[in-house]
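Give me the fold of what follows.
(chains A and B)
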Amino acid sequence: MSSPPVPKPQNSILSRLDVRCFVAVVAVAAALLLRFVVEHNLGLKLTPFVVLYPTIMVVAIWAGLWPGLVATAVSTLASPYFILEPRGSFSIASVGDAISLALFAVMGVSICWIAERYRISHQYVAAMERELVVRESEKQFLTLANAMPQLAWMAHSDGSLFWYNQRWYEYTGTTPAEMDGWGWQSLHDPTQLPAVLERWRASIQTGAPFDMVFPLRGKDGIFRPFLTRIVPMKNADGEVVRWFGTNTDISEQEKTERALRRQAELLRLSFDAVIVWRLDEGIESWNVGAERMYGFTENDVLGRVTHDLLQTASPKPLPEIRSELKNRGYWEGELHHIARDGRTIIVSTRWQLIQDENGIDRVLEINRDITERKLAEQALREGEQRYRELSQQLEERVRQRTAELEATLFDLAQSERQFVALANFVPQMVWMCTPDGSNIYFNQRWVEYTGLTLEESYGAGWNTPFHPDDKQTAWDAWNHATGTGERYRVESRLRAADGSYRWFLMLGEPLWDDKGNIARWFGTCTDISELKRSEAALRESQRGLEAVNKELESFSYSVSHDLRAPLRTLDGFSQALLATADGLDDKSRHYLERIRAAAQRMRNLIDALLQLSRTTRADLQIQPVDLSQIAELVLSDLRSSEPDRIVEIRIQPKLKASGDPQLLQAALQNLLANAWKFTARRDHAVIEFGRMNHGSTSAFFVRDNGAGFDMQHADRLFGPFQRLHADTEFQGTGIGLATVQRIVRRHQGRIWAEAVPDQGATFYFELDIWKGSTQDQGAQDGQATKAKDDPASRG
Amino acid sequence: MDKRQRQKTILLVEDDPDHAELALLALEKHGFAQGVVVARDGAEALDYLLREDLPNFVLLDLKLPKISGLEVLRCIREDERTRLLPVIVLSSSDEEKDILRTYELGVNSYILKPTDFSEFTEAARQVGVYWLTLNQVPRNKSA
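Take a look at the predicted model:
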């Protein structure tokens, strides 16, 4: 350690030598003045240098050597003038004065010299004392410096460190030699060193203190952060004399700070609302979680009372809660808060009472939003309730169902018994197959007839008793049915137990389930052997009939022509004979007329017969037939054949029937011609045609007021060639009515007559009334129905 | 030679001699009897048509022996020479199928033979008047 240089007083004006010398002069002058004053005013006689000696002494002691010498010089110079006789001049009177003066001067110088010595030694002692003090204080300083936990050091004004405290060496593990001056740089983090140096140098320049945090490497090699404070020590002149520095290990502090920051951050991030409020003054702290939860910012809420702000609804009254809080130091529970936007928030809250060192009560309130949980709980409760209800309903339904099922099962068993009973009762064979066509059931009839066992018949065994020629047909039909779901129908021969074959009609129908799939095939096999026989017989007889019919046709055909031919001859030549004007007498003429008449009758008969035969043969062309119209035509023809007769004709208009137009015309022709004929004798004949109700039915009728007939013989009325009148009364073939009857019968109708002799006759006949359909042109609406079946229709 | 200027001929095909005579009588009454040629059966009729000049028209009965009237009609219609020759069927048959068949074969007219002689003469008159004088036939048949 080098000794500290003596500080130079620089500032005071009195430090200037010239000033001090001037002061010395002034002091001498003052002393002289004093002497003068004392001598003149006080009348005292003073030795010549009495005042000057002290003055010089004082000046030398106080101002220094040279001012003292100056004072001496001035005094010496001034004395002759002011003190020695003659006063007022510089001449010296005597040698004695000169010696005195010289002695004075020497004395003065000596005094200065002594004073200087004194001063020096005083200064030296002072310096020594000061040094002691300094040493003492340094020792104190060192003790302190080495005692304190910080690292400390001192540097010269130029920034080079010259002293480090014990801690430094302990921490860094370095030696003073390494550290002296600028050696401390080796302990710095190289990346941060430039910044440090920059600031240090800046401070050195400016003499400003600085704080900085930078890492320093300990002897274990680990860098720790140190808070460094460097302050200058300045002298009286304001110059930096020394730099003092401390480095405080703040690693723990930093750790703590970090932890605190983390905590603060966590707190900030917490979703829970963390609120601190003073019991009497309101909210002090309001974290981000609280902001999020309630919508109030910290600024909004500071100072406000929580339960006012949030319109708290609590399970217990607030005073009670507060007292509990005070007693126990905390309170936990659930509260309802209203957020800024009006939403209700349910929170689980904990209030912690905190008393600080000043006795101020604060509450740390931490709220967790459990609204959703509460709602979920609510929903869950409701759900559970519903579930219970549903469960009950379900149980009820199950009970019902079970009861229904039991009833159904019972019915099912019942119906199955019925089925089996029925199946074994009917004369047909009854069978059941699965959807793929394999048999699963045959009734007793099958077994009885075929002689097969049920086992032999199941599956594809049903095909076994089929006639060889029919097997394939049956298979094909069956496959088609099972493939398409269409009805199974085939006629085949089945082998009986005795080996004979009979014809059976196999019918099968699918049974659909409600998914639209086939669940089962049901079917029967019906013995149609009799039917087949009948069919064959029928066909036989049909063929026979057809043959007969054909014969008849050709017969009628030839009849009509061959029979007529001779008639023509008869009539022709008779006429020719008659035409020969002369050579014939009246008798001959008469005979000829009778021949002609006979021929005529013959012709009528043949015509009628032909007509009759035609009615049987002809194909019926069923059409709507306007009977009224036909009646009109027929009657007008009849009229024109006998225009002189007075006949009243009443025809109901628009009477339509369904039938063959030609035949119906023939029928009406016959009936009306009859009516015309048999009313010939009436002066006022009335012929009617119409439709009317007859008892419970309605029928067409032709009525006349003619000769009528005896009802006794009515049964012969429609027989061919049967006549109820003599030919002399009324001519006729006797075939007409037979024809009409045949026509009506062919139309599935009925004909009958009522009459009173000499009053008239009514012939009724039933025909299908044509009510028409839209298909026929010009037809009426409706459908063909039997007149007799429709009691509502009126004539 | 112009048919219209020549004498009118009628071919009557009728197997019954009585009927033939009656027919002649009827036609005679109205002055048509001159040119009447009678064929007794179908073969004769066709033969005549082949050999001779064509008559003005043919009166054809359907009920003929050997070849039926319908057959004769068909032959007449098939022969190019006689295709357009007017044929009037004079038959006692009023069967629908006969009438239909003759029309299908191309008959010009179908008349029912009346049983009553006076009616027959009237019919003959009408036929004669119509078919001999009123009716026109094409002049050039081979056109």
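
When you work out contacts or count neighbours from here on, use the C-alpha atoms and nothing else.
Fine.

Who are the contact partners of the nearest residue to A:Arg589 once chain neighbours are set aside?
Distance criterion C-alpha to C-alpha, 6 or more residues apart in numbering or on different chains; nearest residue to A:Arg589, sequence neighbours excluded, is A:Leu578 at 6.6 Å. A:Leu578 makes contact with A:584, A:589, A:592 under the criterion C-alpha atoms under 8 Å, 6 or more residues apart in numbering or on different chains.

mind listing the helices for chain B?
Counting by DSSP state H, chain B has these helices, from start to end: B:17-29, B:42-51, B:69-78, B:96-105, B:117-128.

want to throw the contacts of A:Leu578 into a markdown table with pLDDT and neighbour count?
Shown next, in a markdown table, are the contacts of A:Leu578 (pLDDT from 0 to 100; neighbours: other C-alpha atoms under 10 Å in any protein chain shown):
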| residue | pLDDT | neighbour count |
| --- | --- | --- |
| A:Leu584 | 75 | 14 |
| A:Arg589 | 84 | 16 |
| A:Leu592 | 83 | 20 |
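
Let me have those residues in a markdown table, extended by distance to A:Ala738.
What follows is the contacts of A:Leu578, written out as a markdown table (distance: C-alpha to C-alpha, whole Å):
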| residue | distance to A:Ala738 |
| --- | --- |
| A:Leu584 | 42 |
| A:Arg589 | 36 |
| A:Leu592 | 32 |
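
so which of the helices of chain B gets nearest chain A?
helix B:117-128 (4.6 Å; C-alpha to the nearest C-alpha).

So is the closest one next to chain A?
Yes - using C-alpha under 8 Å from any C-alpha of the partner chain, helix B:117-128 reaches chain A at B:117-118.

Can you add mean neighbour count and distance to A:Val686 and give the helices of chain B back as TSV?
Below are the helices of chain B laid out as TSV (neighbours: other C-alpha atoms under 10 Å in any protein chain shown; distance: least, C-alpha to C-alpha, whole Å):
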stretch	mean neighbour count	distance to A:Val686
helix B:17-29	18	41
helix B:42-51	16	53
helix B:69-78	19	47
helix B:96-105	14	35
helix B:117-128	19	32
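
wait, which of the ones you listed is closest to A:Trp503?
Among the helices of chain B, helix B:96-105 comes nearest to A:Trp503, with 43.7 Å by C-alpha to C-alpha.

pLDDT of that closest one, averaged?
Averaged across helix B:96-105, pLDDT comes to 90.

Between helix B:69-78 and it, find me the angle.
In terms of direction (axes from the mean of the first three to the mean of the last three C-alpha atoms, to 10 degrees), helix B:96-105 departs from helix B:69-78 by 10 degrees.

which residues touch helix B:96-105?
B:70, B:73-74, B:77, B:89, B:109-110.

So which bits of the helix or strand harbouring A:Gln741 are buried?
In this assignment (DSSP states H and E), A:Gln741 forms part of helix A:736-746. Going by neighbour count (16 or more other C-alpha atoms under 10 Å in any protein chain shown), the buried part of helix A:736-746 is A:736-746.

As TSV, those residues with pLDDT and distance to A:Glu642 would be great.
What follows is the buried residues of helix A:736-746, written out as TSV (pLDDT from 0 to 100; distance: C-alpha to C-alpha, whole Å):
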residue	pLDDT	distance to A:Glu642
A:Gly736	83	20
A:Leu737	87	22
A:Ala738	86	25
A:Thr739	86	24
A:Val740	90	24
A:Gln741	89	27
A:Arg742	87	29
A:Ile743	88	27
A:Val744	89	28
A:Arg745	87	32
A:Arg746	86	32
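
For my notes, please list those in a markdown table and give distance to chain B for each entry.
Shown next, in a markdown table, are those (distance: C-alpha to the nearest C-alpha, whole Å):
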| residue | distance to chain B |
| --- | --- |
| A:Gly736 | 19 |
| A:Leu737 | 22 |
| A:Ala738 | 21 |
| A:Thr739 | 18 |
| A:Val740 | 20 |
| A:Gln741 | 22 |
| A:Arg742 | 20 |
| A:Ile743 | 18 |
| A:Val744 | 22 |
| A:Arg745 | 23 |
| A:Arg746 | 20 |
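
Whichever residue of the stretch 51-200 of chain A sits closest to chain B: how many residues sit nearby?
At 132.9 Å from chain B, A:Thr191 is the closest residue in the stretch 51-200 of chain A, using C-alpha to the nearest C-alpha. Residues near A:Thr191, counting by other C-alpha atoms under 10 Å in any protein chain shown, number 8.

Also the one 3 residues further on?
When counting by other C-alpha under 10 Å, one arrives at 13 neighbours for A:Pro194.

which residues does the spatially most central residue of chain B form a beta bridge with?
Nearest to the mean C-alpha position of chain B, by C-alpha atoms, centre = their mean, lies B:Leu59 at 1.6 Å. Using DSSP bridges, the beta-bridge partners of B:Leu59 come out as B:Leu12, B:Ile88.

where does A:Arg520 fall, phi/psi-wise?
Here is the backbone geometry of A:Arg520 (degrees, to the nearest 10): phi -150, psi 160.

Close to chain A: what parts of chain B are there?
Within reach of chain A by C-alpha under 8 Å from any C-alpha, chain B has these residues: B:18-19, B:22, B:25, B:63, B:92-93, B:114-118.

how deep is the residue of the stretch 201-350 of chain A found nearest chain B tucked in, by neighbour count?
Here the residue of the stretch 201-350 of chain A nearest chain B is A:Arg343; by C-alpha to the nearest C-alpha that distance is 105.3 Å. By other C-alpha under 10 Å, 10 other residues sit near A:Arg343.

Please tell me how far it sits from A:Lys374.
Relative to A:Lys374, A:Arg343 is positioned 14 Å away (C-alpha to C-alpha, to the nearest Å).

In contact with the residue nearest to the centre of chain B, which residues are there?
When contacts are counted by C-alpha under 8 Å, 6+ apart, B:Leu59 touches B:10-13, B:87-90.

Counting neighbours, which of those residues comes out on top?
Compared across the contacts of B:Leu59, B:Val13 has the highest neighbour count, 28 neighbours, by other C-alpha under 10 Å.

Roughly how far does that one sit from chain A?
For B:Val13, the distance to chain A (C-alpha to the nearest C-alpha, to the nearest Å) stands at 15 Å.

wait, that residue sits on B:Phe57?
No - judged on C-alpha atoms under 8 Å, B:Val13 makes no contact with B:Phe57 at a distance of 11.0 Å.

Quick one: name whatever helix or strand follows the helix or strand that the residue nearest to A:Arg589 is a member of.
Using DSSP H and E, A:Leu578 falls within helix A:564-579. Next helix or strand after helix A:564-579 toward the C-terminus (DSSP H and E): helix A:586-617.

Distance from that following helix to the middle of the chain?
Distance of helix A:586-617 from the chain centroid (C-alpha atoms, centre = their mean, to the nearest Å) equals 101 Å.

Can you list the buried residues in that helix?
A:589, A:592-593, A:595-596, A:599-603, A:605-616.

shaky segments in the stretch 651-795 of chain A?
Along the stretch 651-795 of chain A, the model assigns pLDDT under 70 to residues A:694-697, A:721-722, A:724, A:726-729, A:731, A:733, A:769-795.

That one: helices as residue ranges?
Here the stretch 651-795 of chain A has its helices, by DSSP state H, counting those that start in this stretch, at A:661-678, A:736-746.

Can you give the distance of the longest one from its chain's centre?
For helix A:661-678, the separation from the chain centroid amounts to 85 Å (computed by C-alpha atoms, centre = their mean).
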